[in-house]
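Generate a structure from the sequence data that follows.
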Amino acid sequence: MRRGLERTNVEKVRTIVKSLIFRMLGGRNIGRLDYLLGRQSKNPWGGPFNGQNFRQRIYTDVMSRVDFRAIVETGTFRGTTTEFFAKSNLPVYSVEIDPRAHGYAVQRLFPQRERVHLFQGDSPEFLNRLADRPNFPKSKVFFYLDAHVQDSSRYRKPPVVEELEVIFTNWTEAVVMIDDFEVPGTAYSYIDYGPGRVLNLAYLEPLNYLRLFAFFPVVGPEEETGAKRGWVVLCREDAINQILSGIRNLTRVLTKPAD
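Below you'll find the model as predicted:
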């Protein structure tokens with residue numbers, strides 16, 4: 001009994017010490033140490049886009065057909081997909097709300113800091129700040145939305161809905177890929193936080209006024225690799241719709257309301 005109490009007390013002391021160290025160093029510096037000391041996996045989901053090779057090919061195909069001027073990502077996490085985006089030689093802007101994950105990504109991508117710009121904070125606010133930058137491209141930007149949060153109570157509307165509203169009212173000829181999205185008729189996994197909080201087309205109904213086009217993968221999860229998470233690609237302009245319609249591995253779902 002005494003030994004058990006001693007072990008319990010030792011664990012309590014260790015927990016307190018760890019908490020104090022974390023507070024002193026801060027989440028961002030802890031994240032830097034995580035990377036430098038190899039304490040966290042660089043590819044926890046198996047690689048870029050959750051290790052999904054088919055999705056990587058679709059992304060490459062889209063990039064080859066549109067003359068993009070920048071890439072914007074919400075949800076950096078540890079920078080795996082961000083690092084993949086940097087191979088495009090386009091400027092990459094990414095935001096992460098968690099200080100520790102942000103610090104990890106900053107250290108990981110430090111050699112590419114002139115092209116990869118990392119921020120820590122809220123994704124809708126980040127997108128609004130980019131929209132206000134006079135020198136930031138306002139057309140032909142590729143957006144990857146992966147900053148999904150379970151507790152959305154502090155937002156005036158669902159974060160993904162707000163992100164898309166900011167994007168499609170400030171950028172023209174934009175292409176948006178959303179991770180963790182329900183792909184109709186397939187067994188891809190997706191975010192489901194309960195009734196009315198499933199990440200699917202119905203979730204985006206507040207944006208019907210934008211008259212968006214939605215594209216899904218033609219390949220099911222049985223032919224995909226990695227985490228097999230669902231996804232969707234969105235656009236607004238007819239010109240971009242025509243380009244994406246020409247990619248045979250994408251299938252379009254009409255989401256525009258009737259006139």
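
On the three-state scheme, the closest residue to residue 136 other than its chain neighbours is what?
Excluding its sequence neighbours, the residue lying closest to residue 136 (Cβ to Cβ, 6 or more residues apart in numbering) is residue 130, at 5.4 Å. C-betas here are computed from N, CA, C, even on glycine. With DSSP: H, G, I helix; E, B strand; the rest coil as the basis, residue 130 sits in helix.

pretty sure residue 130 contacts residue 73?
No - counting by Cβ atoms under 8 Å, residue 130 does not reach residue 73; the two are 11.4 Å apart.

circling back: for the residue nearest to residue 136, give me its contacts.
Residues in contact with residue 130, defined by Cβ atoms under 8 Å, 6 or more residues apart in numbering, are 72, 93, 136.

Make sure residue 214 is indeed in a strand.
Yes - under three-state DSSP, residue 214 sits within a strand.

ok, how many other residues are close to it?
Residues lying near residue 214 (other Cβ atoms under 10 Å) number 22.

What strand or helix carries residue 62?
helix 53-65 (DSSP states H and E).

What average pLDDT does that helix get?
For helix 53-65, mean pLDDT is 98.

Could you identify the helix or strand that succeeds it?
Per DSSP H and E, the helix or strand that comes after helix 53-65 is strand 70-74.

I'd like to know how far the most centrally placed residue in the chain sits from residue 72.
Nearest to the geometric centre of the chain sits residue 146, at 2.1 Å (Cα atoms, centre = their mean). Counting by Cβ to Cβ, to the nearest Å, the gap from residue 146 to residue 72 is 11 Å.

how close does residue 66 get to residue 235?
Relative to residue 235, and taking Cβ to Cβ, residue 66 is found at 9 Å.

Now the common contact residues for these two.
173, 175.

of the two, who's got more company?
Comparing residue 66 with residue 235 by other Cβ under 10 Å, the one with more neighbours is residue 235, at 24 against 18.

give me the beta-bridge partners of the more buried one?
When bridges are called by DSSP bridges, residue 235 pairs up with residue 213.

again with residue 117
Under DSSP bridges, the beta-bridge partners of residue 117 are residue 93.

Regarding residue 168, what are the backbone dihedral angles?
The phi/psi pair for residue 168 (degrees, to the nearest 10) reads phi -80, psi 0.

From residue 187, how far out is it?
Counting by Cβ to Cβ - residue 168 and residue 187 are separated by 30 Å.

If you count surrounding residues, which of these two has more?
More crowded of residue 168 and residue 187, by other Cβ under 10 Å: residue 168, with 20 against 10.

ok now do that one, which residues does it touch?
Counting by Cβ under 8 Å, 6+ apart, residue 168 has contacts 174, 176, 207, 210, 212, 236.

Closest one of those residues to residue 197?
residue 207 (15.9 Å; Cβ to Cβ).

List the contacts of the closest residue to that closest one other than its chain neighbours.
The shortest distance from residue 207 to any non-neighbouring residue, by Cβ to Cβ, 6+ apart, is to residue 164 (5.7 Å). By Cβ under 8 Å, 6+ apart, residue 164 lies in contact with 145, 176, 204, 207, 210, 212, 234.

same check, this time on residue 196
By Cβ under 8 Å, 6+ apart, the neighbours of residue 196 are residue 203.

separation between it and residue 82?
31 Å.

Which parts of the stretch 101-250 of the chain are strands?
For the stretch 101-250 of the chain, the strands defined by DSSP state E, counting those that start in this stretch occupy 116-120, 141-145, 175-179, 213-217, 231-235, 250-254.

ok, residues contacting stretch 117-128?
28, 72, 74-76, 79, 82, 91-97, 99, 102, 105-106, 109, 145, 147, 155, 159, 162-163, 166-167, 170.

The residues you listed, buried ones only, as a ChimeraX selection?
In ChimeraX, this line selects whichever of the contacts of stretch 117-128 come out buried by 16 or more other Cβ atoms under 10 Å:
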select :28,72,74,75,76,79,82,91,92,93,94,95,96,97,99,102,105,106,109,145,147,159,162,163,166,167,170
